[in-house]
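Asker: whatever this is, show me its structure:
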Amino acid sequence: MNKTIYFATASLIALSVFSAPVMAGQKEDLKAQIDALKKQIADQQAQLEALSAQVQDVKVSAGNQFAESQRQVAESPKLTVKDARPTFASADGKTTISLRGRLSLDYANYFQDDAGPLATDFRRGSFGDATEASRARDLNDGTNFRRAQFGIEGKIDNDWQYSLIYEFGGSGQEDGGRIQDLYLQYNGFDWVRLRAGAFGPSVGYDDSISNADSLFLERASPAELQRQIAGGEGRTGVAAYSNGEQWFGSVAVTGAPIATQSFDEQLALVGRVAWLPVKSNDFNLHVGANATYLLRAPDQGPDVAQRYTLRLRDRPEIRVDGTRLIDTGNINTDTLFAPGLEAAANFQNFYVQGEYFLYQFERELPGGLPDPDFSGWYVQAAWALTGETRNWNPANGVFSGLKPAKPLSFDGDGWGALELALRYSFSDLNYREDLLPAAGGIRGGEQEAWTLGLNWYVNNNIRFLLDYQIIDVDRLSSGAANAYGAGVFVPPAGAQIGQDLEIVSLRTQFTF
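Answerer: Numbering: from 1, shown residues only. Modelled structure (predicted):
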């Protein structure tokens with residue numbers, strides 16, 4: 001448009017110069033036309049400049065809006081999902097929140113001799129529990145949500161880690177819910193992680209393996225006896241953890257589990273060290289040691305004969321029925337020292353682990369009775385039929401769970417991972433059992449357990465566990481009045497109150 005205007009103007013000027021002479025009036029008219037045309041050109045030029053400025057403003061505004069949009073996208077939270085676990089993260093990734101869940105539905109069938117009257121059928125459960133005295137003769141076939149956990153975990157500003165997990169499952173029956181984990185951990189130091197709150201400290205090897213990765217439905221009884229002293233989920237305390245590529249160490253000061261009340265809370269020290277001296281693609285060897293030292297047993301109050309007491313007892317490595325078949329009863333306890341040794345190894349797709357424990361009581365004085373001690377050990381092995389291997393995890397000093405190389409897929413050739421497992425465990429809660437309890441003998445019983453398992457890992461979130469158990473409980477009656485609950489017939493001192501049984505159990509598990 002500008003070129004056209006300029007060309008017209010030049011043409012008019014040329015005409016005015018080279019045209020024949022014209023009259024004065026015509027010259028005035030021509031000059032007026034030229035001035036009008038110049039004004040029109042100037043107006044159009046101003047309009048063009050205004051339009052150009054508007055276009056520039058639009059470009060700047062659009063650029064600003066795009067930059068703001070990009071900034072909002074960059075600063076908005078990010079959602080990722082891995083192994084069905086949703087995680088929300090800040091734009092810089094320093095703060096996260098992950099949803100966690102674990103569901104374990106168990107079914108068990110107990111094969112026992114038919115129950116007889118209490119006066120003739122001497123099978124018994126825990127000391128002082130009339131319900132267990134009855135149930136020991138006819139354990140409950142059925143189902144139980146062993147675990148129904150929901151909660152959150154994550155980090156704050158990169159250095160702070162937190163976890164809040166609630167548990168609605170239980171042993172023998174579900175309950176209204178309780179805190180499983182509630183802790184805050186600081187990871188800002190290069191060499192140590194510090195934790196405080198309610199959690200399960202690293203008591204031993206089997207205890208340090210997540211139940212989501214365990215070989216069997218339950219841990220071995222000797223490991224359970226160790227962890228019930230000063231470990232287990234929901235235990236209040238403070239702890240420090242450290243590790244390198246081939247070593248792990250932890251120490252914790254613990255109190256009582258949440259919602260457990262006493263006049264004075266118990267106090268204990270828990271420590272564990274682990275080392276991987278041999279590491280290769282095909283073979284890895286783990287060795288370690290752990291110890292629990294009970295500084296103060298739970299205080300039962302000033303009005304009872306035995307003020308500081310502790311007991312050891314356990315179920316036959318299944319929790320569908322909550323009855324305990326071995327039990328020391330309450331022991332008047334000053335201190336307790338429980339050391340343990342651990343070893344584990346994998347060779348390609350074969351895996352083995354084992355532990356040995358001592359439970360050494362020192363009675364509260366004055367008492368005049370000897371200090372009892374008990375023991376337990378187990379060994380278990382697994383063979384991944386589909387060829388998967390377990391890797392040693394330095395963060396908690398144990399071999400991690402099995403992950404299927406080819407998850408189940410009906411559209412492909414994946415069938416998940418299959419694993420055969422075998423375990424033998426022995427728990428001895430007898431001390432001078434041939435002597436009367438008044439002379440210091442404790443008839444807590446011996447339990448032998450064989451377990452054969454078949455595990456199917458459908459994918460990283462779903463698995464099924466099928467266990468067959470042979471349980472042998474050898475336990476003598478103490479003969480003490482009301483030993484098994486008020487009104488329950490007490491078998492004669494020295495009578496066999498244990499039993500032999502078989503158990504078939506199945507677990508359906510989903511985790512995220």
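Asker: drop to CA atoms for contacts and neighbour counts, all remaining ones
Answerer: OK.
Asker: point out where the stretch 301-450 of the chain drops to low pLDDT.
Answerer: Along the stretch 301-450 of the chain, segments meeting pLDDT under 70 span 437.
Asker: tell me where it has strands.
Answerer: Ranges of strands within the stretch 301-450 of the chain are 309-310, 313-314, 326-327, 331-347, 350-363, 373-384, 392-393, 398-399, 417-431, 442-457, based on DSSP state E, counting those that start in this stretch.
Asker: and if you look at the stretch 151-300 of the chain?
Answerer: Ranges of strands within the stretch 151-300 of the chain are 160-167, 178-186, 193-199, 235-243, 247-257, 267-279, 283-296, based on DSSP E, counting those that start in this stretch.
Asker: can you give me the angle the second one makes with strand 235-243?
Answerer: Just to be clear, that refers to strand 178-186. When axes from the mean of the first three to the mean of the last three CA atoms, to 10 degrees is applied, the directions of strand 178-186 and strand 235-243 differ by 40 degrees.
Asker: CA atoms of strand 178-186 as CSV?
Answerer: Output of strand 178-186 as CSV, limited to C-alpha atoms (Å, rounded to 0.1, in the frame of the first residue of the first chain):
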residue,chain,number,x,y,z
ARG,A,178,-4.3,-49.5,64.8
ILE,A,179,-1.2,-47.7,63.9
GLN,A,180,1.3,-49.8,62.0
ASP,A,181,3.9,-47.2,61.2
LEU,A,182,4.0,-43.5,62.2
TYR,A,183,7.5,-42.1,62.0
LEU,A,184,9.7,-39.3,60.8
GLN,A,185,13.2,-40.0,59.4
TYR,A,186,16.0,-37.6,58.6
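Asker: related to what we said a few turns ago, as JSON lines, the strands of the stretch 301-450 of the chain with mean neighbour count would be great.
Answerer: Below are these laid out as JSON lines (neighbours: other CA atoms under 10 Å):
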{"stretch": "strand 309-310", "mean neighbour count": "20"}
{"stretch": "strand 313-314", "mean neighbour count": "24"}
{"stretch": "strand 326-327", "mean neighbour count": "26"}
{"stretch": "strand 331-347", "mean neighbour count": "21"}
{"stretch": "strand 350-363", "mean neighbour count": "21"}
{"stretch": "strand 373-384", "mean neighbour count": "21"}
{"stretch": "strand 392-393", "mean neighbour count": "18"}
{"stretch": "strand 398-399", "mean neighbour count": "26"}
{"stretch": "strand 417-431", "mean neighbour count": "22"}
{"stretch": "strand 442-457", "mean neighbour count": "22"}
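Asker: moving C-terminal of the longest helix anywhere in the chain, what's the next helix or strand?
Answerer: Longest helix of the chain, by residue count under DSSP state H: helix 24-75. Heading C-terminal from helix 24-75, the first helix or strand you meet, by DSSP states H and E, is strand 78-82.
Asker: from the contact counts, what lies against whichever strand or helix holds Ala133?
Answerer: Using DSSP H and E, Ala133 maps to helix 130-135. Applying 3 or more CA pairs under 8 Å, 6 or more residues apart in numbering; DSSP states H and E, one finds that helix 130-135 makes contact with no other helix or strand.
Asker: show residues contacting that helix.
Answerer: The set of residues external to helix 130-135 that reach it, using CA atoms under 8 Å, 6 or more residues apart in numbering, is Leu118, Arg123, Arg124, Gly125, Ser126, Thr323, Arg324, Tyr484, Gly485, Ala486, Gly487, Val488.
Asker: sorry, back to before: what is the mean pLDDT for the longest helix of the chain?
Answerer: Averaged over helix 24-75, pLDDT sits at 76.
Asker: how's the protein carved up into domains?
Answerer: What automatic domain parsing lists as the domains of the chain is 2-74, 78-511.
Asker: now do the same end-to-end measure for the longest one.
Answerer: The reference is to domain 78-511. With CA to CA, to the nearest Å as the measure, domain 78-511 spans 22 Å from end to end.
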